[in-house]
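Asks: Show me how the following folds:
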Amino acid sequence: MSGQPEFGRILRQTRQAAGLKLYDVAEVLKVHHTYLSRIETGQERPPSNRVISLLADLYGVDRDALFVAAGRLPPELYEMAATAQGVQLLRAFQEFQRSDDPAPLSAQQRAENVRLSQQLERP
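Replies: The predicted structure follows:
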């Protein structure tokens, strides 16, 4: 039904890894345990953004990763993407990904290259 069975599997694994029981999580979230069970088994759609955020905090996992697993953008990124500047930024990133140019060096990589070149210049 949900089209997101992978999300449910991830939720179950992270809950179990956190050592939490379904009943305890349901109590904290103030939802029925069968609702959570149905999400974990892929019989229910991923929950609201609020619940996804709470689950990420409760399970100690990355919020963004949990939103992506649910097939969603984190709310603040969705809001940013809905602006003209956000769309331009996403388009620029999309073009960058399509290019054949290698990724630019990170600041750390540039600093390391400078350090190495200075060592080579020393007599």
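
Asks: Using PDB, list the CA coordinates for the helix or strand containing residue 27.
Replies: Per DSSP states H and E, residue 27 falls inside helix 22-29. Written as PDB, here are the backbone C-alpha positions of helix 22-29 (Å, rounded to 0.1, in the frame of the first residue of the first chain):
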ATOM      1  CA  LEU A  22       7.300  -0.500  19.800                       C
ATOM      2  CA  TYR A  23       4.900   0.100  22.700                       C
ATOM      3  CA  ASP A  24       7.300   2.500  24.300                       C
ATOM      4  CA  VAL A  25       7.800   4.500  21.100                       C
ATOM      5  CA  ALA A  26       4.100   4.700  20.600                       C
ATOM      6  CA  GLU A  27       3.600   6.000  24.100                       C
ATOM      7  CA  VAL A  28       6.200   8.700  23.600                       C
ATOM      8  CA  LEU A  29       4.700   9.800  20.200                       C
END
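
Asks: so which helix or strand takes in the closest residue to residue 44 other than its chain neighbours?
Replies: Leaving aside its sequence neighbours, residue 44 sits nearest to residue 38 (C-beta to C-beta, 6 or more residues apart in numbering; 3.8 Å). C-beta here means a position set from N, CA and C on the backbone, and glycine is covered the same way. Using DSSP H and E, residue 38 maps to helix 33-40.
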